[in-house]
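1. Sequence and predicted structure below; questions after.
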Amino acid sequence: MMKLYYDFIPQSSLEREKRRAKAAMFAGIPTPLSGDIIKVGARNGIVFERIMEKKSIARSLSDDPEHLEDYARRFAEMCKALHAKPCDQSVFPSTAARYRILDFLDGVPETGRCLHGDLHAGNVIIADGRYLFIDMADFGYGNANFDLGTIYYTAFCTPPDLTMRLYHIDVETMRRFWIRFVCC
């Protein structure tokens, strides 16, 4: 599978995602293997292991809202496993350093545990019963609350039209998904 970037994205961003995705996979995080950096027309991209018949949790939820609780539970289990895993701080960056905009962030306890860095229902795919994290460019370590904040943001702060365009879910369904996810 090829992930193509817009032509204004610097080469260093592609190299960072490729490096982090590969390191995360070798550290035992379920994610497709990253391969070569390629050029297609004016756009650069990364070749990833092809996952056949995949769907994101967001798309699965959109197509099958009756199973919202199952998707939320499985997503929560993945997040708990990810956030419990010690992260190699010599390989991955601190997520807190990326978010260090406000002074209160200095008070968030550092855990050294793995974080996705852009975690939401669109960045986990389901294929043949396996659940895999994708879009690993911001993978790092830190406090799980950073990932949880991203998931919360997608449910409560993203405008309804953008929620539908990005996640294929209406805001009400996204909020119900958040509530089940948090309960799990």
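-> Sure thing, it's come through. Numbering: from 1, shown residues only.
2. tell me the SS of residue 141?
-> strand (DSSP: H, G, I helix; E, B strand; the rest coil).
3. Tell me where this structure is predicted with low confidence.
-> Along the chain, segments meeting pLDDT under 70 span 100-105.
4. Now do the helices in it.
-> 11-26, 57-63, 68-84, 95-99, 144-156, 160-167, 171-183 (DSSP state H).
5. Contacts only, for the residue with the largest distance to the centre of the chain.
-> Distance to the chain centre peaks in the chain at residue 41, reaching 27.4 Å (criterion: Cα atoms, centre = their mean). For residue 41, the contact set (Cβ atoms under 8 Å, 6 or more residues apart in numbering) is empty. Glycine gets a C-beta too; all of them are placed from N, C-alpha and C.
6. ok, it to residue 51 distance?
-> 24 Å (Cβ to Cβ, to the nearest Å).
7. what's the spatially most central residue of the chain in contact with, if anything?
-> A centroid search over the chain (Cα atoms, centre = their mean) returns residue 119, at 3.4 Å, as the residue closest to the centre. Going by Cβ under 8 Å, 6+ apart, residue 119 touches 79, 133, 147, 150, 151.
8. how many other residues sit next to the first one?
-> Burial measure for residue 79: 21 neighbouring residues, criterion other Cβ atoms under 10 Å.
9. With the fourth one instead?
-> Applying other Cβ under 10 Å, we find 18 residues neighbouring residue 150.
10. quick one, phi/psi of the closest residue in space to it that isn't next to it in sequence?
-> Leaving aside its chain neighbours, residue 150 sits nearest to residue 119 (5.1 Å; criterion: Cβ to Cβ, 6 or more residues apart in numbering). The phi and psi values for residue 119, taken as degrees, to the nearest 10, are phi -90, psi 120.
11. returning to what we had before: how near is the residue nearest to the centre of the chain to residue 176?
-> For residue 119, the distance to residue 176 - Cβ to Cβ - is 18 Å.
12. List the contacts of residue 86.
-> Per Cβ under 8 Å, 6+ apart, neighbours of residue 86: 112, 113, 114.
13. Try it again at 10 Å.
-> 27, 111, 112, 113, 114, 141 (Cβ atoms under 10 Å, 6 or more residues apart in numbering).
14. what residues are up against the third one?
-> Under the criterion of Cβ under 10 Å, 6+ apart, the contact list for residue 112 reads 85, 86, 87, 88, 89, 92, 94, 141, 142, 143.
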